[in-house]
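**Student:** Got a predicted model here, sequence first, then my questions.
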Amino acid sequence: MQNAALIRLLAALSVVCPAVAQACGELRFNAGKGLPFQSYIAPRPADVLIVYSDALQDDYLAALEQAGHRLKIVANPAAVAEALREQHYDIVIAAYDSVDAVTPQVASVLEMPSVLPIVARSMRKDPQVTGRFEQILLDSASLGQYLTAINKLVNRLP
């Protein structure tokens, strides 16, 4: 009986004074305020070669590195061949309009990386895009979509 009364008292106090209900080491969830962002750790970090373009979300680069992915950024599609000669990459991320310049360079490498194009939203259902690539990123993709696409491609690797 006393335990039930104590539980009711604590429940009432948690409504009136939420700080009292917070146990040591626990976080309190505030309805309507969401949860704080938790950093993501890639289950299988990848070596990612990125061909820089305006379609790329610059602020995601640091987050991709924090997740554990190893990034190298090149300025243009012509620099891809040199980067691929220097090191093996699991994934090459490039804007869709530069993919045709990147693809022959990727195909010339013994261990061919996956190409992950950044595509305009209007082209997301284009058969040339969907039939050619396993995964795509939209030009307005969120960080979570970047991480998910990279993770799906890396999980297909041997």
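**Tutor:** Cool, got the structure.
**Student:** ok, then the element right after the worst-scoring helix or strand of the chain on mean pLDDT?
**Tutor:** In the chain, no helix or strand scores lower on mean pLDDT, DSSP states H and E than helix 18-21, which sits at a mean of 51. Downstream of helix 18-21, the first helix or strand assigned by DSSP states H and E is strand 47-51.
**Student:** Which other helices and strands does the helix or strand just after that next one contact?
**Tutor:** Using DSSP H and E, the next helix or strand after strand 47-51 towards the C-terminus is helix 59-66. On a contact count with 3 or more CB pairs under 8 Å, 6 or more residues apart in numbering; DSSP states H and E, helix 59-66 meets strand 70-74, helix 143-155. In short, each C-beta sits where N, CA and C put it, glycine included.
**Student:** neighbouring contacts of the first one?
**Tutor:** It refers to strand 70-74. Here strand 70-74 makes contact (CB atoms under 8 Å, 6 or more residues apart in numbering) with 45-52, 61, 64-65, 80, 82-83, 87, 89.
**Student:** what's around Glu65, how many residues?
**Tutor:** 13 (other CB atoms under 10 Å).
**Student:** show me what contacts it?
**Tutor:** Leu71.
**Student:** tell me the pLDDT at it?
**Tutor:** With respect to pLDDT, Glu65 has a value of 92.
**Student:** same thing with Asp90?
**Tutor:** Value for Asp90, per-residue pLDDT: 93.
**Student:** Spatially, and excluding backbone neighbours, which residue is closest to it.
**Tutor:** Leaving aside its sequence neighbours, Asp90 sits nearest to Ala46 (CB to CB, 6 or more residues apart in numbering; 4.2 Å).
**Student:** From Leu64, how far out is that neighbour?
**Tutor:** Using CB to CB, to the nearest Å, we find Ala46 at a distance of 9 Å from Leu64.
**Student:** Give me the common contacts of the two.
**Tutor:** Contacts common to Ala46 and Leu64, judged by CB under 8 Å, 6+ apart, are Ile150.
**Student:** Just give me the closest of the contacts of strand 70-74 to Glu134.
**Tutor:** Set against Glu134, the nearest of those by CB to CB is Ala46 (14.0 Å).
**Student:** just checking, that closest one touches Ile93?
**Tutor:** No: the criterion here is CB atoms under 8 Å, and Ala46 misses it with Ile93 at 10.3 Å.
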